[in-house]
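Asker: Okay, sequence plus prediction incoming.
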Amino acid sequence: MTGILGNISLVSGFTILSRVLGLIRDMLFFACFGGSYVGGAFVLAFTLPNLFRRMLGEGTLSSAFIPIFSETIETKSLVEGLSLLNKVLTRLALGLVAILLLGLSLVLLVQSIGLSISTKWRLGIELCSVTLPYVLVVCLSALIVGALNARKKFAPGASSPIILNFVMISALGLGGIIYGLEGEDLALALCVSVLIGGFLQLLAPVCSLHRLEGWRYKPDFGRSDELSRIRELFVVGAFGAAVGQVNVLISRFLGYSLPEGEAVSILFLASRLTELPLGVFAIAIATVVFPEMARLLGQKNESGFRSAFTKGLRLTLVITLPAAMGLALLAEPILVTLFQWGNFTGTEVAQTVPVLMLASFGLPFYAVSAFFIRGFHARKDMKTPLLAAMLSLIANVALSLVLMQYWGVLGLASANCLAAVFQTFFLVFRWWKESDSIDFENEESSYLFPSIVSTVAMCIVVAFGHSGIQRLPDLTDKASASISLAVLIPLALVVHFVCLWAFSFPEVKVIYESLKSRLRRSEQN
């Protein structure tokens, strides 16, 4: 357990740094663009390559590749495993170049036939043509990071997003603040920075894998049984990942089509804030536990797999439940403190608060469904996540088209949340019906109850504390919001962990014993 917690802490540490830089980037972004259609156009242009990244890079392809890669190293040798990596990289690069050429051809076609489209859609298409090459470098990078993760080398991959955030912050700072770029010119500069950051993101894991494992890339068009198995897993899983990413894309396109131009930017900001706890903790847990589950199944160690799955799911729930409720209760002070600057005014804050609250309620469901999907992938079952993604897409589109007519951007946020709930319950039900790797009636209930109790206790403290701080005299809105965050977030963490300690939560005891041993060693030294 200590090894898994250590790796999760490592990944979470780098992810926290990345998310802090991401928050700074988003603060600058919304200060420069506010809720304008120009900012929305960049969001769409940045969404498209990320769709392919999650489908062809760190998503389905990595999920198909890591179990076979780990199994090849366990049963054959590291040399055979690295040879398999070269085979997959060669084919992935060719496929990505084909996608890139097709995408650029479509953009040129739309521009050449002179369709009568609005200014905001014209800008969106132009920015997409600039960011599309990012698909190539980021997907290759994600596969190499997957190989590093399988070898329990998590730092290079976890630190990779820091590079992109730093480059984009530099573009916003230099372009928007120092050189005075604004509007479409600044959006174009930001798109170029994405390409520069993507190239550096590829360079970092390439150098790390070469240094740590002696790997060199050589184009390899050879065939192997392992490659065929990866292809079979990927073909099914790719549809599921594509459906999931199309879900996101449809929501943002629908938001961009609403009369109020700020809708897609509001959805993006709410998504970014919910991704903070999701990325720092839930995805970090899945990143560490998934290769471990794949390795254990490769060794035919079913009991070890059951134990790793249980630990991962337990940590996912105990972190995301309080994070979701805290984000919902502190939505307004978070937005006022971090984002109410420049062109992002109190009006945009008021519009974003209910959307963020709805998005935060979906956070535990996103995290749990993502973890169960990794569990299915570790078992080389790609069909169940595909079916879940398709049903979620149907539910999301149907609900979005209906609810957006009445509630606008709030309707889209509600549809996203309800679709996530539906997908989670479907995955849990299928796991319970088809897998014997966990006992839902015993093991799960033993830690679900303390997670709920600690979350309720934390919510009571946060709600009363925030209400009291708002009543303090002679405070501006920003000062009140800043004090709420500075006081209530640490207090909420203390309440949460004290409650877990009272219930003898396993990981809390491990962390406590680890801290005690470190203090003891420091005193001896």
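Answerer: Nice, I can see it.
Asker: where does the stretch 301-450 of the chain have low pLDDT?
Answerer: Scanning the stretch 301-450 of the chain for pLDDT under 70 picks out 435-447.
Asker: hmm, 80 instead?
Answerer: For the stretch 301-450 of the chain, the stretches flagged by pLDDT under 80 are 301-304, 306-308, 311, 342-343, 377-378, 380, 382, 433-448.
Asker: can you give me the strands for it?
Answerer: For the stretch 301-450 of the chain, no strands turn up when DSSP state E, counting those that start in this stretch is the criterion.
Asker: cool, and the chain?
Answerer: With DSSP state E as the definition, the chain shows no strands.
Asker: quick one, what contacts Asp220?
Answerer: 83, 86-87, 90 (C-beta atoms under 8 Å, 6 or more residues apart in numbering). For the C-beta atoms, the positions are set from N, CA and C on the backbone; glycine is no exception.
Asker: For it, which non-adjacent residue is spatially closest?
Answerer: Distance criterion C-beta to C-beta, 6 or more residues apart in numbering; nearest residue to Asp220, sequence neighbours excluded, is Asn86 at 4.2 Å.
Asker: repeat for Ser63
Answerer: His377 (3.8 Å).
Asker: Helices of the stretch 251-400 of the chain, start to end?
Answerer: 263-277, 283-298, 302-329, 331-339, 346-361, 363-378, 383-407 (DSSP state H, counting those that start in this stretch).
Asker: Switch these over to a markdown table; also include distance to Ala45 and mean neighbour count.
Answerer: Output for the helices of the stretch 251-400 of the chain, formatted as a markdown table (distance: least, C-beta to C-beta, whole Å; neighbours: other C-beta atoms under 10 Å):
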| stretch | distance to Ala45 | mean neighbour count |
| --- | --- | --- |
| helix 263-277 | 11 | 24 |
| helix 283-298 | 23 | 24 |
| helix 302-329 | 27 | 21 |
| helix 331-339 | 21 | 22 |
| helix 346-361 | 21 | 20 |
| helix 363-378 | 24 | 25 |
| helix 383-407 | 21 | 18 |
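Asker: how about those helices, which one is nearest Leu209?
Answerer: Among the helices of the stretch 251-400 of the chain, the nearest to Leu209 by C-beta to C-beta is helix 283-298 (14.7 Å).
Asker: what about the closest one, average pLDDT?
Answerer: The pLDDT scores in helix 283-298 average 71.
Asker: OK, contacts around the closest residue to Gly22 other than its chain neighbours?
Answerer: Of all residues not flanking Gly22 in the chain, Asn165 sits nearest, at 5.2 Å (C-beta to C-beta, 6+ apart). By C-beta under 8 Å, 6+ apart, the contact list for Asn165 reads 18, 21-22, 24-25, 197.
Asker: do that again at 6 Å, thanks
Answerer: 21-22, 25 (C-beta atoms under 6 Å, 6 or more residues apart in numbering).
Asker: quick one: which of those is nearest Lys311?
Answerer: Using C-beta to C-beta, Gly22 is the member of the contacts of Asn165 that lies nearest Lys311, at 27.5 Å.
Asker: now that closest one: how far from Phe464?
Answerer: 31 Å (C-beta to C-beta, to the nearest Å).
Asker: Looking at these two, which is more packed in?
Answerer: Gly22 (22 against 11; other C-beta atoms under 10 Å).
Asker: That one and Leu164: what is the separation?
Answerer: When Gly22 is compared with Leu164 (using C-beta to C-beta), they lie 9 Å apart.
Asker: Skip the chain neighbours and tell me the closest residue to Leu127.
Answerer: Ala45 (3.6 Å).
Asker: Find the nearest non-adjacent residue to Ala323, please.
Answerer: Counting by C-beta to C-beta, 6+ apart, Pro277 is the residue found nearest to Ala323 once chain neighbours are left out, at 3.7 Å.
Asker: doesn't Leu321 make contact with that neighbour?
Answerer: No - counting by C-beta atoms under 6 Å, Pro277 sits too far from Leu321 to count as a contact (10.3 Å).
Asker: circling back to that earlier point, and the residue nearest to Asp220, how far from Gly95?
Answerer: Computed as C-beta to C-beta, the Asn86 to Gly95 distance reads 15 Å.
Asker: Which residue of those two possesses the greater neighbour count?
Answerer: Between Asn86 and Gly95, counting by other C-beta under 10 Å, Asn86 is the more crowded of the two (17 against 14).
Asker: what's the offset of the top helix by length along the chain from the middle of its chain?
Answerer: Determined from DSSP state H, the single longest helix within the chain is helix 78-112. Distance of helix 78-112 from the chain centroid (C-alpha atoms, centre = their mean, to the nearest Å) equals 23 Å.
Asker: helices or strands next to that helix in the packing?
Answerer: Counting contacts by 3 or more C-beta pairs under 6 Å, 6 or more residues apart in numbering; DSSP states H and E, helix 78-112 is packed against helix 60-75, helix 119-131, helix 134-150.
Asker: run the last query once more with 8 Å
Answerer: Counting contacts by 3 or more C-beta pairs under 8 Å, 6 or more residues apart in numbering; DSSP states H and E, helix 78-112 is packed against helix 60-75, helix 119-131, helix 134-150, helix 225-257.
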